[in-house]
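A.B. asks: Dropping the sequence and predicted coords here.
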Amino acid sequence: MTGLEALPWPIFHILTSYLSPKDFGTLLFLSKPLHATLIRNIDKLVYASIRETRPHLLPSTPIRLAGREERRSTEEEYWVSEWAKGGIQLGVNDESNWRSGQDADQIPWTRYAREATRCPSMRNRRRIWGIALQLEELAERAGYL
């Protein structure tokens, strides 16, 4: 027993939310009891990890501009339709949204993270995300934000 699986679930969940999706693969092989604990909740843990450490992996949100009609993100529509092919029915409106977390438990986040990290456009999005975070930090230091 590594001791990790003996932690209370809320603490374990918080600690693992800082792991990258790739690190979960490593964590799965530390011990059999830990593997059993993780495998039951892997999608919840990977989703928390993505939200905390790699939000650029999430499907992009609808584009909203003041004074203009809302345009749905084609990426979001794509993933909702792909998940629907697997029997996962999700809404993309405000009442039933996977982003709010209420439907997020249905989504196979481990498979999604694996596919998203292999995609060249996601690697580019990660680079752009990093630049945006650097710009935000510069703007905060300069007093613009």
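C.D. replies: Cool, the structure landed. Computed from a predicted structure; not experimentally measured.
A.B. asks: wait, residue 22 sits on residue 117?
C.D. replies: Yes - contact criterion Cβ atoms under 8 Å: residue 22 and residue 117 qualify, at 7.3 Å. C-beta coordinates here come from the backbone N, C-alpha and C atoms, glycine included.
A.B. asks: what about the strands in this structure?
C.D. replies: Secondary structure of the chain, counting by DSSP state E: no strands present.
A.B. asks: neighbour-wise, which of residue 22 and residue 117 wins?
C.D. replies: For residue 22 and residue 117, the more surrounded residue by other Cβ atoms under 10 Å is residue 117, and the numbers stand at 15 against 12.
A.B. asks: Tell me how far the more buried one lies from residue 42.
C.D. replies: 15 Å (Cβ to Cβ, to the nearest Å).
A.B. asks: per-residue confidence at the most centrally placed residue in the chain?
C.D. replies: By Cα atoms, centre = their mean, the chain has its centre lying nearest to residue 50, at 3.1 Å. We note a pLDDT of 86 for residue 50 in this prediction.
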